[in-house]
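K.L.:
for reference, the sequence and a predicted model appear below.
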Amino acid sequence: MPTPDGSSPALSIAMTPVTTDADHGLGTVGIFGTGDFGRTLGLRLLQAGYQVVFGSRKPQRSSLLPQGAQVLGHAEAAGVAQVIFLAVHRDNYDFLVPLADRLAGKVLVDVSNNLRRNQYPEPNAHYLSKLVPEASVVKAFNTVSAWSLQSGGLDANRQVLVCGDSTESKQRVVDVARSLGFTALDKGSLLAAGEIEDYPLQLFPMWRLPAAVAVGLTASLFAYCLLMDVIYSWVTSKKDMSFRIMVSLANKVFPMVSLMMLSLCYLPGILAGFLQLYNGTKYKRFPDWLDRWMLCRKQMGLLALAFGFLHVLYIMIVPIRYYVRYKVVSWTISQMKENQSEFDNTVAWYTDSYMSLGVLGFGLFILLGITSLPSVSNAMNWREFRFVQSKLGHLTLLLCTSHTILYGWKRFLRAQTYRWHLPPAYMVALVLPCVVLGLKLLLVTPCVDRILMRIRQGWERKPRPAGASDRTGANGKEPLML
Amino acid sequence: MPTPDGSSPALSIAMTPVTTDADHGLGTVGIFGTGDFGRTLGLRLLQAGYQVVFGSRKPQRSSLLPQGAQVLGHAEAAGVAQVIFLAVHRDNYDFLVPLADRLAGKVLVDVSNNLRRNQYPEPNAHYLSKLVPEASVVKAFNTVSAWSLQSGGLDANRQVLVCGDSTESKQRVVDVARSLGFTALDKGSLLAAGEIEDYPLQLFPMWRLPAAVAVGLTASLFAYCLLMDVIYSWVTSKKDMSFRIMVSLANKVFPMVSLMMLSLCYLPGILAGFLQLYNGTKYKRFPDWLDRWMLCRKQMGLLALAFGFLHVLYIMIVPIRYYVRYKVVSWTISQMKENQSEFDNTVAWYTDSYMSLGVLGFGLFILLGITSLPSVSNAMNWREFRFVQSKLGHLTLLLCTSHTILYGWKRFLRAQTYRWHLPPAYMVALVLPCVVLGLKLLLVTPCVDRILMRIRQGWERKPRPAGASDRTGANGKEPLML
Amino acid sequence: MPTPDGSSPALSIAMTPVTTDADHGLGTVGIFGTGDFGRTLGLRLLQAGYQVVFGSRKPQRSSLLPQGAQVLGHAEAAGVAQVIFLAVHRDNYDFLVPLADRLAGKVLVDVSNNLRRNQYPEPNAHYLSKLVPEASVVKAFNTVSAWSLQSGGLDANRQVLVCGDSTESKQRVVDVARSLGFTALDKGSLLAAGEIEDYPLQLFPMWRLPAAVAVGLTASLFAYCLLMDVIYSWVTSKKDMSFRIMVSLANKVFPMVSLMMLSLCYLPGILAGFLQLYNGTKYKRFPDWLDRWMLCRKQMGLLALAFGFLHVLYIMIVPIRYYVRYKVVSWTISQMKENQSEFDNTVAWYTDSYMSLGVLGFGLFILLGITSLPSVSNAMNWREFRFVQSKLGHLTLLLCTSHTILYGWKRFLRAQTYRWHLPPAYMVALVLPCVVLGLKLLLVTPCVDRILMRIRQGWERKPRPAGASDRTGANGKEPLML
Ligand SMILES: Cc1cc2nc3c(=O)[nH]c(=O)nc-3n(C[C@H](O)[C@H](O)[C@H](O)COP(=O)(O)OP(=O)(O)OC[C@H]3O[C@@H](n4cnc5c(N)ncnc54)[C@H](O)[C@@H]3O)c2cc1C
Ligand SMILES: Cc1cc2nc3c(=O)[nH]c(=O)nc-3n(C[C@H](O)[C@H](O)[C@H](O)COP(=O)(O)OP(=O)(O)OC[C@H]3O[C@@H](n4cnc5c(N)ncnc54)[C@H](O)[C@@H]3O)c2cc1C
Ligand SMILES: Cc1cc2nc3c(=O)[nH]c(=O)nc-3n(C[C@H](O)[C@H](O)[C@H](O)COP(=O)(O)OP(=O)(O)OC[C@H]3O[C@@H](n4cnc5c(N)ncnc54)[C@H](O)[C@@H]3O)c2cc1C
C-alpha cells in the first residue's frame, strides 16, 4: 500500500537503483516499527528487490512510509513474512507476546541498540528470545546506523555482525544484509548478542589505556622540558626562550614519549617471561593488570609509532627554522672571525652514527606498523608475525635506544648539562628502555632461555599432587606445536 | 582424451602442482568453448584435480586443448558434467537452445564480458537465463582475466564475484573458484549480474570527478603562480626566474591544491546539513550533484592527502637546493657586513608555530588516510569511523588552514605582495577553507545543532498531510539508532 | 569431571568470559591427547560454551586438565562426541585403528604439525584418513599455536585454515573455530592438507630470493663505494674519510639498490614478452627461473620501496649533519673571500629538476606500495591493478632513472670522476634500469606491440599440426577476455 498522498519520502540513496524486476523478487520481509530505522530499512529493502510489509499498531494512520511498502496490523504482517525485523525499543517488546503463535518458526531480527552498556540486566536479544521462544531470534544490523543505511555513501564499515542459534535463520539474515550491499560476519550463537549490542557503543576501548599513558607521559615530559629549557633560562639569565615551545620542545617530548611507549610495549612480555619462570609453569593465570597490559600492546606500539612519526616530521623542518638559520649565520660569522676550527672526525662519526641509527630504527618502526594492518597480518602465519613483531620489534627498541644514547654522547659528563642538579630529559627517557633491554638480555641468556622454552612447551617444575599425567601430545622434549 | 599429437600446450603455472590423485577427484566440470579463456580455465581445472570435458561443435577438430581433458560434442558434454562453464561470446549463445533439456538442472556459468557498458539491452547472464530457463545460471569468473588464470603470478585481486538465483548452484561455483586459488564473493541474486559484468570494464569510476577537480585546480593555480612568480619578474625587471618552476612553484601549487581539496571534502556534508535545516526533514532527496559529490569524498580526501604528501617531500628538499644554499650564503655575507641583526622573538614564534601546525595537520591527515584503508575501516564501528573522519577530519582542516594563514602572517599588509593588484596565490587558496570552516561553525552552534540533531533522528518540521504516524521506534526524543 | 584436587589450571585468557549458560550449550567436543595443545584447546572450548571430553589412555591418571572437562577412555570419548580433535603426534596415530568402528562417521580433526617439511612421505592428514577411512578427516587448527590459543592476546593472524573432503564436516569445524574467536578459511578438499601442514613451517618463503638479491646488491655496492669514497682517499691522499660510511655511503648504496631492484621488478615481464614473441605463442611454458622470478616481483618491489624509503630518510638528515654544516661554513667563508660567484640559472634548473623527479618518483613508488596492500588490491579490478602496477610502475622506473641520470648531470664528462679508471657507483647502478627501459621501449613500438597483443589474446604464429581449432570463444580479433 503506497502512502495515500503518493508523496513518497524519497531518500538519498545513490547506490542501489530501484528495481521492480518481478522475476527476481527476493521475497517478503516484515518490519515491525515505523520509526526512523524501520522506514529507512524498508526503503532500502524495496530498492534491493524485496517486498516489504510494515507491521503497525494503527496501519491506517501510518504515513511517511516508503512508497511500495504494504502496511498491515502486526498479526497480519507476521503472517505474510518469514523474516521480520523488529525495529522498536526493547521497552515495547511485550506487544509481541500475544502474537507468539503467529511468530512461531519466524525469523525475528533484533536490531536494537541501547544507550549505554549494562542498561538492562540481559542483552535485548536474550530478553526477546525469552519473550517469544517460538520464534528464531537473530541479532543483527544494530552495528549499522540508520544514516549509513540511508546514505549508503559513507564508505566506512559495511559489516553487519550477526548472531543467532539457528544456522538457517542466520543465513536468511545474512542474505538480506548481502543484498543491501553489506558484508555479514557470523559471530556464532545468540550468546554473542551482548557483545554485539555493546559493539556500537564503544569508542576505541582498547585505545583508552595507551592513550592515557601517552597523554600522561607527554604532559609530564613537557613540563620537565619547559622547566629545563625555558623557565631555567628565564630565572637564571632572564632570557626569553619561550619560542622554543612550538618546535624545540615538541621535538624533544615526542621522541621521548615514543621511546618510552615502545619500551612499554615490550615490557609486559618480559614480565610474563619472569612470572612464568617464577611460577615454574605457564598454566598459572597472569595478574589482571598484566593481562590487560598485554592486550593493549598493539595500540601502545601504534601510538609510539605516531609519536615517532611526528619526531621525524619535526626533524625535517629543523633546517628551515628561523632560529636555526639565525644560529647558523652566527656560527658561520664566529667561525670566520676566529678561523674555521678543524674538522673533527670523531664528531662526524658519532653524529652520523646517531642519525643513521635513528633512520634505521624508524624504518623498522614503520615495518612494525605496516605488519599490524589487519590485511597484512592476516597474510602472515604466526611464526612470521612473531618474527617481525617480537624479533624485529626488540631490534627496533635497541636501535632507537642506541640512537638516543649516542645523541647524548659525552654530554652526561658535562656539568652544565645538569641544570638545577636535574638530569636532562633525554636521560630520564632512557631509563625505561635500558631496563627493558637489560631484562630481555637476561631472558635470552642460554640457560634461562632453555628453561623458559620448556615451560612454554607445557613442562612444569613441580608436578601436581594428583600424579603424573599421560602426555601423549607434548612430552616435554618434542613440542606438538612449536 | 589428450590432444592427438600429444604436444600438450603446457602453460606457465607455478602455483598449483598438477595432481592426479584419483581418490580426491573433485568431479567433472564441463567447458563450452575452446577459445583462449576456455582452454586456460580447462588447464587450471585439471591441475586442481577436476576432470574436464570440453563441449565443441566439431570435437574431432579440437586441438590445442590441455592434455588430460576430454572433448565431446556439446550434448554429450552436457550429459557428463553438472557444472558447465560457458566460455563463448554472447552472440553465439543460441546454440544452447536445442540443448535445453540436456541442460535442465545443470549449473551454467556465464563468464562472458562485454567490450563496453550497455553494449546489449540486458546483462548477458539474464539473456542466457531466458534462453535456457531450465538451467541454473550463475554469473562468475568474468572479473578474472585469462592471463591471471594462466599466470597465477600477478598477486593482485584474486576475487571471483559470483551471483545467481540458486544458492546451491552458487555454492558449487564458489567451490570451483576456491580450488583454483581464488576467493569468492557472493554478490546475491542474478539481479547483480549487470553490476558484475560492468565491474571489469571500469577504470577507477569513483576517481574520475576528484581527479578532474585535482587536475583543474593544479593547472589553474600553476598558471596563477607562474604569472606572479616568473612572468611578473620577467616583465617588470627582466629577471629570469624560470628555474623556480621545478620546485618553488610545485611546492606552492601542491599544498594549495591539497588544502582546497580537503575543504571540498567537508563542504558537501555541511551543505547537506543546511539543506536538511532548510527542508526541515531528512526525508527529502538531495539534489543529484550533491549526492554524487558526497559519494566521492573519500577519493577527494585521498587525493588531497597525496598532494599534501608531495608538499612534505618538497619541504624536505628545500634546505639542500642550490638556490636556497646560494641565498643562505648571500644572506650570511650581508649579515656579516652589516653586523648580524637582532634575534626576533616574534618571528621565531610565528614561523615555528606555522611549521608546527603544518606538522600536526599532516600527522592527522595521514591518520585519516590510514583509517580509510579497507581493512582498517572494517575494524572500526561507525561511531569510531565518524569520530576519526568527521571530527578529526575537521580538526585537520582547521590545522592546515591555520598553518597557511600563519604562513602568510603579516604579508597581506605589505603592498608589494599584490603584484599587478592580484593577491598572492596562498590567499586565493585560503578562501574556500575559510568559508567551509565558517559554515561549519554556524552548524555547530548549540541552537542550530539541536535542530539538526532532531531532524537527523527522524523528526520533521511540518508533518505530512496524511496524518500523524505511529512511531513506535523513534519517538523524536530518544533515537533508536544514534 | 573436574580435576581431582580442584586446582584448576587457570589459563590467562582475557577475551572470552567463561560461560555456563546451559541453554546455549554448543554440544560436546572430544579431544584425544592431553598434551599442551589438547589442554589449552579444551579450556578454550569450555570457555566458549562447549562440553569437552578428553580421550585418554589412562583416564584416571589425567590431571592438569581444565576444570569442567570430562576424561574418559578413548572409546568412550569417541562415543560421546561428534567432533574429535586429535592432538597427538602422528607417530602415535595407530592407537586409532582399533577404534575404527567407534569413529565411523565422526569428524576427526587433525591439528598436527611437523618439525620440518617432507618429514613424512605423505601429509599427516592423508595418513590419518588412510588409517581410519571410516571417519571424516578435517585438517585444521595447525596454523594456530597453543600459545595464541591460550593468550588470545596477540592480535595477529586469527585465521584457521581448514580443509577436508566433506563439506558438512568442515562446516562443523569452522563453527568451532568461529566460536573460539578465529576466522576460518576453507582451503578446499583434503588435497590441500600438505600445503596447510607446510604453512606454519614457512618463514617468508616468497621473500627469500628478493631478500638474497637485496643483500647481495647492498654488499657489493657498499664494497664498491667504500673503495671509491674511502679507500681511494686514504691510499692516494692519506685522508681519513671513514666517517662517510654511516650516512654518505648508506645514502649512496640504498638508492642504487632501490633503483636496481625496481628494474628487476619490471625486467621479467619484458623478458616474458620477448619470449612470447620469439615462440610465437603464449601457450609455451616459460623457463623455470623466469616463472620463479615473476612470482616474487611483488616482494622485489616492496624491498625496492623499503630501500627508497631509507634513501628519503637519509636525504632528510643531510642538512643537519655535522659534516654538511662544516662544509657549508667553509663554502660560505670561501665565497665571502673571493666575492660570491654568480647565480647559475642552469645549475638551479638541473638540480631542482633532479630533486623534483625524485620527489614525484617516490610519490608514485608509495602509491605502488599502497595498492599492493591486500585489502586495497582486493578493492580494485585487475584492469585498475594493472594500470597502477604496470603503467604507473614503469613510469616510476622512468622517473627514478631520470632522477639518477640528472643527479649525475655532466659529471660523467669530468676525468676526476673516474677514480682508478672505474666509473662512479651511480653509473653502475644506471645500467640495469636503462636496459630495462630500452627493452620496454622496443616492446611498445606499435608494430611489436600489435603482434604481442594478438599472441596474448591466444593467437599463434604457426598452427599446430593437428589442424585448425574451432575457437568459438576467441577468434583472434575480438578477445573474449580483455
Ligand atoms: C608499530 C607497532 C605495531 C604493533 N602492532 C602489533 C599488533 O598488530 N599486534 C600485536 O599483538 N602487537 C603489536 N605490537 C606490539 C608488539 O610488537 C607485539 O605485541 C610483540 O609481539 C611483543 O613481543 P614480545 O616478544 O614482547 O611478546 P609476546 O610475543 O607476546 O611474548 C610475550 C611472552 O609470551 C611468551 N611466549 C611468546 N611466544 C610463546 C609461545 N609460542 N609459546 C609460549 N609462550 C610464548 C613469552 O613468555 C614471551 O616473553 C606493535 C608494536 C609496534 C611498535
Ligand atoms: C585522507 C582522507 C581519507 C578519507 N577517507 C574517507 C573514507 O574512507 N570514507 C569516507 O566516506 N570518507 C573519507 N574521507 C572524506 C571525509 O573525511 C568523510 O567523508 C567524513 O566523514 C566527512 O565528514 P562530514 O561530517 O563532513 O560528513 P558526514 O559524516 O557524511 O556527514 C554529512 C552530513 O550528514 C549528516 N549526518 C552525519 N551523520 C549523521 C547521522 N548519524 N544521522 C543523520 N545525519 C547524519 C549531517 O548532515 C552531516 O552534516 C576522507 C578524507 C580524507 C582527507
Ligand atoms: C612498491 C611495489 C609494489 C608492488 N606490488 C606488487 C603486487 O602487489 N603484486 C604484483 O604482482 N606485483 C607487484 N609489484 C611488481 C610489479 O609492479 C608488478 O608485477 C607489475 O604488474 C609488473 O608489470 P609488468 O607489465 O612488467 O608485468 P605483467 O603485468 O605481469 O606483464 C608481464 C608480461 O605478461 C604479459 N601480459 C600482461 N598482461 C597480459 C594479459 N592481459 N594477457 C596476456 N598477457 C599479458 C605481457 O607479456 C607482459 O610483458 C610491485 C612493485 C613495486 C615497486
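P.N.:
It's in. Ligands and ions are numbered 1, 2, ... in the order given.
K.L.:
just confirm A:W331 is within a helix.
P.N.:
Yes. Counting by DSSP: H, G, I helix; E, B strand; the rest coil, A:W331 is found in a helix.
K.L.:
residues in contact with stretch A:350-358?
P.N.:
Stretch A:350-358 is contacted by residues A:399-400, A:402-403, A:406-407, A:409, C:243, C:246-247, C:250, C:314, C:317, C:320-323 when judged by CB atoms under 8 Å, 6 or more residues apart in numbering or on different chains. C-beta: built from backbone N, CA, C; applies to glycine.
K.L.:
now with 6 Å?
P.N.:
Outside stretch A:350-358, the residues within contact range by CB atoms under 6 Å, 6 or more residues apart in numbering or on different chains are A:399, A:402-403, A:406-407, A:409, C:243, C:246-247, C:317, C:322.
K.L.:
what do you get for stretch A:372-380?
P.N.:
Stretch A:372-380 is touched from outside by A:298, A:370-371, A:385, B:375, B:379, C:156-157, C:159, C:374-375, with contacts defined as CB under 6 Å, 6+ apart.
K.L.:
so what's A:D344 up against?
P.N.:
With contacts defined as CB under 6 Å, 6+ apart, A:D344 is in contact with no residue.
K.L.:
my bad, should have said A:T218
P.N.:
Counting by CB under 6 Å, 6+ apart, A:T218 touches A:253, A:257.
K.L.:
gap between it and C:V111?
P.N.:
Using CB to CB, to the nearest Å, A:T218 is found at 46 Å from C:V111.
K.L.:
go on, A:L64?
P.N.:
Distance, A:L64 to C:V111, using CB to CB: 56 Å.
K.L.:
same check, this time on A:A177
P.N.:
Look at A:A177 and C:V111: by CB to CB, they are 32 Å apart.
K.L.:
between those two, point out the one with more neighbours.
P.N.:
Per other CB atoms under 10 Å in any protein chain shown, whichever of A:A177 and C:V111 has more neighbours is C:V111, with 27 against 23.
K.L.:
can you list the residues of the stretch 251-400 of chain A near ligand 2?
P.N.:
Within the stretch 251-400 of chain A, not a single residue sits near ligand 2 (CB under 6 Å from any ligand atom).
K.L.:
so is the nearest residue to A:F387 once chain neighbours are set aside in a helix, a strand, or just coil?
P.N.:
In space, and not counting its chain neighbours, A:F387 is closest to C:L203: 6.3 Å by CB to CB, 6 or more residues apart in numbering or on different chains. The three-state assignment at C:L203 reads coil, by three-state DSSP.
K.L.:
how many neighbours does C:L203 have?
P.N.:
12.
K.L.:
phi, psi of it?
P.N.:
With angles defined as degrees, to the nearest 10, C:L203 sits at phi -120, psi 100.
K.L.:
how far away is A:L305 from ligand 1?
P.N.:
According to CB to the nearest ligand atom, to the nearest Å, A:L305 stands 4 Å off from ligand 1.
K.L.:
is it true that that residue touches A:L367?
P.N.:
No. Look at A:L305 against A:L367 with CB atoms under 6 Å: they stay out of range, at 10.2 Å.
K.L.:
which residue of those two possesses the greater neighbour count?
P.N.:
Set A:L305 next to A:L367 and count neighbours by other CB under 10 Å: A:L305 wins out with 22 against 17.
K.L.:
grab the nearest non-local neighbour of the more buried one.
P.N.:
Leaving aside its chain neighbours, A:L305 sits nearest to A:G369 (4.8 Å; criterion: CB to CB, 6+ apart).
K.L.:
helix or strand: which one has the one you found?
P.N.:
Here A:G369, judged by DSSP states H and E, is contained in helix A:345-371.
K.L.:
is that helix positioned near ligand 1?
P.N.:
Yes. Helix A:345-371 lies within reach of ligand 1 by CB under 6 Å from any ligand atom, at A:365, A:368-369.
K.L.:
top of those residues by neighbour count?
P.N.:
Among the residues of helix A:345-371 next to ligand 1, A:F365 has more neighbours than the rest - 24 neighbours, counting by other CB under 10 Å.
K.L.:
list the contacts of that one.
P.N.:
A:305, A:308, A:396.
K.L.:
what about these, which are in helices?
P.N.:
Counting by DSSP state H, the contacts of A:F365 place A:305, A:308, A:396 in helices.
K.L.:
okay, the residues you listed in a markdown table with pLDDT next?
P.N.:
Output for these, formatted as a markdown table (pLDDT from 0 to 100):
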| residue | pLDDT |
| --- | --- |
| A:L305 | 98 |
| A:G308 | 97 |
| A:T396 | 98 |
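K.L.:
so where's the stretch 51-200 of chain A shaky on pLDDT?
P.N.:
The model of the stretch 51-200 of chain A has pLDDT under 70 over residues A:61-63, A:151-157.
K.L.:
can you map out the strands along it?
P.N.:
With DSSP state E, counting those that start in this stretch, the ranges of strands along the stretch 51-200 of chain A come out as A:51-56, A:70-73, A:83-86, A:107-110, A:136-139, A:159-164, A:183-186.
K.L.:
need the pLDDT of A:F365.
P.N.:
For A:F365, the pLDDT comes out at 97.
K.L.:
my error: substitute A:L221 in the last question.
P.N.:
Confidence score, pLDDT, at A:L221: 96.
K.L.:
give me the neighbour count for the residue lying closest to it once chain neighbours are set aside.
P.N.:
Spatial nearest neighbour of A:L221, excluding adjacent residues (CB to CB, 6+ apart): A:V253 at 4.8 Å. By other CB under 10 Å, the residues close to A:V253 number 25.
K.L.:
tell me the pLDDT of A:V253.
P.N.:
96.
K.L.:
then A:G467?
P.N.:
For A:G467, pLDDT reads 40.
K.L.:
quick check, the residue in the stretch 101-250 of chain A closest to ligand 2?
P.N.:
Using CB to the nearest ligand atom, A:W147 is the residue of the stretch 101-250 of chain A that sits closest to ligand 2, at 3.4 Å.
K.L.:
next one: the residue lying closest to that residue once chain neighbours are set aside from C:L305, what distance?
P.N.:
Of all residues not flanking A:W147 in the chain, B:R456 sits nearest, at 7.0 Å (CB to CB, 6+ apart). Distance of B:R456 to C:L305, computed by CB to CB: 43 Å.
K.L.:
mean confidence score for stretch A:325-343?
P.N.:
Here the average pLDDT along stretch A:325-343 is 87.
K.L.:
what does it contact?
P.N.:
Stretch A:325-343 has contacts (CB under 6 Å, 6+ apart) with B:332, B:335-336, B:343, C:326, C:329, C:332-333.
K.L.:
after the helix or strand encompassing A:V436, which helix or strand is next?
P.N.:
Counting by DSSP H and E, the element that carries A:V436 is helix A:425-444. Remark: after helix A:425-444, the chain's next helix or strand is helix A:446-456, criterion DSSP H and E.
K.L.:
next, the buried residues of that following helix.
P.N.:
Neighbour-count burial for helix A:446-456, with 16 or more other CB atoms under 10 Å in any protein chain shown as criterion, is recorded at A:452, A:454-456.
K.L.:
could you do stretch A:73-89 as well?
P.N.:
Residues of stretch A:73-89 classed as buried under the neighbour-count rule (16+ other CB under 10 Å) are A:74, A:77-79, A:81, A:83-89.
K.L.:
now those as a markdown table including distance to A:G164?
P.N.:
Output for the buried residues of stretch A:73-89, formatted as a markdown table (distance: CB to CB, whole Å):
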| residue | distance to A:G164 |
| --- | --- |
| A:H74 | 22 |
| A:A77 | 21 |
| A:A78 | 18 |
| A:G79 | 22 |
| A:A81 | 17 |
| A:V83 | 12 |
| A:I84 | 13 |
| A:F85 | 13 |
| A:L86 | 13 |
| A:A87 | 17 |
| A:V88 | 19 |
| A:H89 | 21 |
